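Student: Please work out how this folds:
(3 chains)
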Amino acid sequence: MLQNVIIGQYYPASSPLHRMDSRSKLIAAFFYLFIVFLANNWITYGLLIAFTAVTISASKVPVRYLYKGLKPILILVVFTMLLHVFLTKEGDVLYKAGWLEIYEGGVIQGIFIAMRLLLLVLMTSLLTLTTTPIDITDGLEHLLGPLKKWKLPVHEFALMMSISLRFIPTLLQETEKIMKAQMARGADFTSGPIKERAKAFVPLLVPLFISSFKRAEELALAMEARGYRGGEGRTRLRALEWHNRDTFAIVLLILLTLSLFLLRS
Amino acid sequence: MEISIKQLEHRYMQGTPFERRALHDVNLDIPHETFLALIGHTGSGKSTLIQHLNGLLKPSAGSIRMGETILEAGGKKQDLKPLRKKAGIVFQYPEHQLFEETVEKDIMFGPRNFGMSEEEAKKTASRVIEMVGLPQTVLSKSPFDLSGGQMRRVAIAGVLAMKPEVLILDEPTAGLDPAGRVEIMELFYDLHQKNKLTTVLVTHSMEDASKYADEIAVMHKGELYLHGKPREIFNERKALQEAGLDVPETVQFLLKWNEKSGQHLSLSNFTIEELAKSLGQALKKRGS
Amino acid sequence: MENIISVKDVTFFYPGEETATLKNVSLDVYKGEWLSIVGHNGSGKSTLAKLLNGLLLPHEGTVNVSDYVTSREDDIWEIRRQVGMVFQNPDNQFVGTSVKDDIAFGLENFGVPRDEMIKRINESVQRVGMEAFLDQEPHQLSGGQKQRVAIAGILAQKPSVIVLDEATSMLDPIGRIEVMETVRELNQNEGITVISITHDLEEALSADRVVVMKMGEKAAEGVPDAIFQQRDLLKSAGLDLPFSLKLSEALRRQGVELDRGYLTQEELVDALWKLA
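Tutor: Below is the predicted model:
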């Protein structure tokens, strides 16, 4: 099931959305998180859905892929919707059976909340689906750059992120290797009561920690040998380029926001 | 224990876009008490093959018989513990698997998992630590306070403690200095003979293969490329070179000598002593 | 010959250890040579390597790289630019998320402007034969390829010395050959000085000079031909003898009257032919 969750995964393609600057995508996604909450009637939700649909089609991520990724979250969405349907007592009663009363307001509220959740998840997924983790890191470093003035370790944070990203596959391989070595010595990671199973992970985690510390130490040494001395005076190979399409996207988002303000009730 | 591999195929990540065939139609019988050297380059499938021998990987097609146990594609889920006890694997850089507070506890990990009593496991630990050439005092130390070479010996002791009948060694000397390499290989060879083990050694070294192995199997591109007695394999120099390998230095030297002298010394002198003897006799013959 | 590195009377202790890891070691490295440093595990050879670019500083004595001194703080960055280092574990020195990013890492640290950086990356990646892999991620590369990327990263810094700290010991034979051929070319065609810490006999045999380390001291220094005749020295330094030398000895035990030990198979075949 874990491999079906698409939040945080990258979908390799070359779409207008993929080619956008990660900064504009980050700004847009962040902005979107707020303006979703402006919608409060059918027209405004319709507008948001239309905007999201256009964005999805511009991303070239297959709808089926998106749907597959959303499936695990659908349960949450349906649950929240039902909560609202049953608990909101506004407007006309639509249905009554014993203690159970469903109101019109509840149904509408439920649908709205479900849409809001779906839209939020879709948009944030689109950000990570069309932007490599390292581009997101770069974008964040640039956007948060001004905070360096207040001694926030923005460069160190970004470096930490990029090194973590670089080592995720390495650590996964390592985990598999150690797991096999312990299984060959009779360790059992898959059966038995939960308490036993938790204990079974000690032989996996201890070696993993030890090797990670060793890696960190060697990596630090290698970085030092290659002249690393903090963020000051460093130049960058990875350059971000702001194009017209980025400006266009931001303008579009501002127009959407204005329309939402005008049309909400 | 006798090992019989039939039409073995393995595909990684089967049913995904990343599917990759790592083994194809491997047929290999390893008789009881054989020392088999498994040679091939990275990606030739030799690591994949040995992981089948104790059920860490399951065949995508074909079957493996390890003594009484049969592992086959689509076979029923079975308890693999008895097999894993009998077929001990020493992985590459085995010191990376150490985790306990003391050497003794770490060595006891395997035996305890396979149901040995605490007391018995302790006795076993004190026995195997000697086998790998470390003093009893090491038992109470933390494995992480030992040197790299000692850690490797402790990890090996942890596998020997399970009293395996089959010993599977995945480049057990990688990263050691030359002296350490010889010591570890001699240790395994000694065990192999004394305990009548069946041994599978994965190696890049033709020298080790020629020195210790009864049989050599060469893997290339996921298939069993050559299999036979060392003498037979070393007669196939062309084929070996096509797989990016070569004959051991003793044989290289013999070939050079035969070419220069026009003599036909047998290519079955694999140790330096044997080679020197046969060269010595050849020289005397010419001299007289 | 002109010195590029000189180590003078260096003693080094690791914190908390009573015996010195290096005792009074002096060593000259000549410009353009290939120097192999051999010795058993724990002989201090890796520590010596780390003193050469100021990753470690001597407690006594000095380490000079051309006109710079590792103990002077202002010199250290120039020294690290000039003396590039390839470590043992290919994974633990790959910093970037792709080949390109990794080669750039050193250049970024030294503040090289972006246009110049791109030029140097493209050039150095060609010199190690990895130009087809610029956008690959580290987990898609073999050990030998990762080490070649590490070398490209150093080349981009325009170094004068490359230190290989057991850089091939975790590689398979093919990876080892790839890396050694790359370095040999740089040494021969571009005059880059190579200092190689190694267990690999064949490699030491083809070096210009060999230094043998033993228990923290320099036990011997000389051309391979001279060093490899000293069998006891090599044994006590935890080293194996080259094949042809072992065979020479075995032949003498068989009563074959060889005048000396031979280092290569060709030489030995010729010598035997003449005897016969």
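
Student: Give me the three-state assignment for B:G175.
Tutor: When classified by DSSP: H, G, I helix; E, B strand; the rest coil, B:G175 comes out as coil.

Student: For it, give me the backbone phi and psi.
Tutor: Reported as degrees, to the nearest 10, the phi and psi values for B:G175 are phi 80, psi 0.

Student: thought it was touching B:Y93?
Tutor: Yes. Look at B:G175 against B:Y93 with C-beta atoms under 8 Å: they come within range, at 6.6 Å. Every C-beta, even on glycine, is put in place using the N, C-alpha and C of the backbone.

Student: name the element the closest residue to B:L146 other than its chain neighbours belongs to?
Tutor: For B:L146, the nearest residue in space outside its immediate sequence neighbours is B:V154; the separation is 6.7 Å by C-beta to C-beta, 6 or more residues apart in numbering or on different chains. When secondary structure is defined by DSSP states H and E, B:V154 falls within helix B:148-160.

Student: swap in C:R260?
Tutor: Per DSSP H and E: nothing holds C:R260, as it lies in no helix or strand.

Student: give me the number of residues near it?
Tutor: 12 (other C-beta atoms under 10 Å in any protein chain shown).

Student: Where does pLDDT dip in chain B?
Tutor: When the per-residue scores of chain B are filtered using pLDDT under 70, the ranges that remain are B:16-17, B:286-288.

Student: so the most centrally placed residue in chain B, which of the three states?
Tutor: Central residue check for chain B by C-alpha atoms, centre = their mean: the C-alpha nearest the mean position is that of B:L201, 1.4 Å away. The assignment at B:L201 comes out as strand when based on three-state DSSP.

Student: Is it in contact with B:L169, as I believe?
Tutor: Yes. The pair B:L201 / B:L169 is scored as a contact, 4.7 Å apart, by C-beta under 8 Å.

Student: Between the two, which contacts overlap?
Tutor: Residues within reach of B:L201 and of B:L169 at once, by C-beta atoms under 8 Å, 6 or more residues apart in numbering or on different chains, are B:F188.

Student: which residues in the chain form helices?
Tutor: Defaulting to chain A. Residue ranges of the helices in chain A, as given by DSSP state H, are A:16-19, A:22-35, A:42-59, A:63-87, A:104-130, A:133-144, A:154-184, A:194-200, A:202-225, A:244-263.

Student: Oops, wrong one, chain C.
Tutor: Taking DSSP H to define them, one finds helices in chain C at C:45-52, C:76-82, C:99-109, C:114-127, C:143-155, C:173-190, C:201-205, C:224-227, C:231-236, C:243-253, C:265-275.

Student: Quick one, which of these gets closest to chain B.
Tutor: Taking C-beta to the nearest C-beta as the criterion, chain B comes closest to helix C:243-253 out of these, the separation being 3.5 Å.

Student: Tell me who's in contact with B:E118.
Tutor: Residues counted as contacts of B:E118 (C-beta under 8 Å, 6+ apart) are B:108, B:112.

Student: So what does it look like in phi/psi?
Tutor: In terms of degrees, to the nearest 10, the main-chain angles of B:E118 are phi -50, psi -50.

Student: re the thing from before, going along the chain from the helix holding B:V154, find the next helix or strand for me.
Tutor: Sequence order places strand B:166-170 as the next helix or strand after helix B:148-160, per DSSP H and E.

Student: Pull up the pairing partners for that following strand, direction included.
Tutor: Next to strand B:166-170 in the sheet, as set by DSSP bridges, lie strand B:87-90 (parallel), strand B:198-203 (parallel).

Student: Packing partners of whichever helix or strand comes after the shortest one?
Tutor: Looking back up the chat, that one is strand B:87-90. Next along the chain after strand B:87-90, taking DSSP H and E as the criterion, comes helix B:103-113. Counting contacts by 3 or more C-beta pairs under 8 Å, 6 or more residues apart in numbering or on different chains; DSSP states H and E, helix B:103-113 is packed against helix B:118-131, helix B:148-160.

Student: Give me whichever of the ones you listed is most buried.
Tutor: By mean neighbour count, with neighbours taken as mean count of other C-beta atoms under 10 Å in any protein chain shown, helix B:148-160 ranks first of these at a mean of 23.

Student: Where does B:N54 sit: helix, strand or coil?
Tutor: When the rule is three-state DSSP, B:N54 gets the label coil.

Student: Not counting sequence-adjacent ones, nearest residue to it?
Tutor: The spatially closest residue to B:N54, leaving aside those adjacent along the chain, is B:A87, at 4.0 Å (C-beta to C-beta, 6+ apart).

Student: In contact with the one you found, which residues?
Tutor: Applying C-beta under 8 Å, 6+ apart, one finds that B:A87 lies in contact with B:1, B:53-54, B:66, B:164-166, B:168.

Student: do C:K214 as well
Tutor: If you count contacts by C-beta under 8 Å, 6+ apart, C:K214 has them with C:39-40, C:43, C:233, C:236-237.

Student: Show me which residues of chain B sit near chain C.
Tutor: Within reach of chain C by C-beta under 8 Å from any C-beta of the partner chain, chain B has these residues: B:41-42, B:147-149, B:174-180, B:182, B:204, B:244, B:249-250, B:252-253, B:256-257, B:260-261, B:272-273, B:275-277, B:279-280, B:283, B:286-287.

Student: Which among those count as buried?
Tutor: The neighbour-count criterion (16 or more other C-beta atoms under 10 Å in any protein chain shown) marks B:41, B:149, B:174-180, B:204, B:249-250, B:252-253, B:257, B:261, B:272, B:275-277, B:279-280, B:283 among these as buried.

Student: tell me the SS of the residue of the stretch 1-150 of chain B found nearest chain C?
Tutor: Taking C-beta to the nearest C-beta as the measure, the point where the stretch 1-150 of chain B comes nearest chain C is B:T42, at 4.7 Å. Classification of B:T42 into helix, strand or coil gives coil, according to three-state DSSP.

Student: which residue packs closest to it, ignoring adjacent ones?
Tutor: In space, and not counting its chain neighbours, B:T42 is closest to C:D172: 4.7 Å by C-beta to C-beta, 6+ apart.
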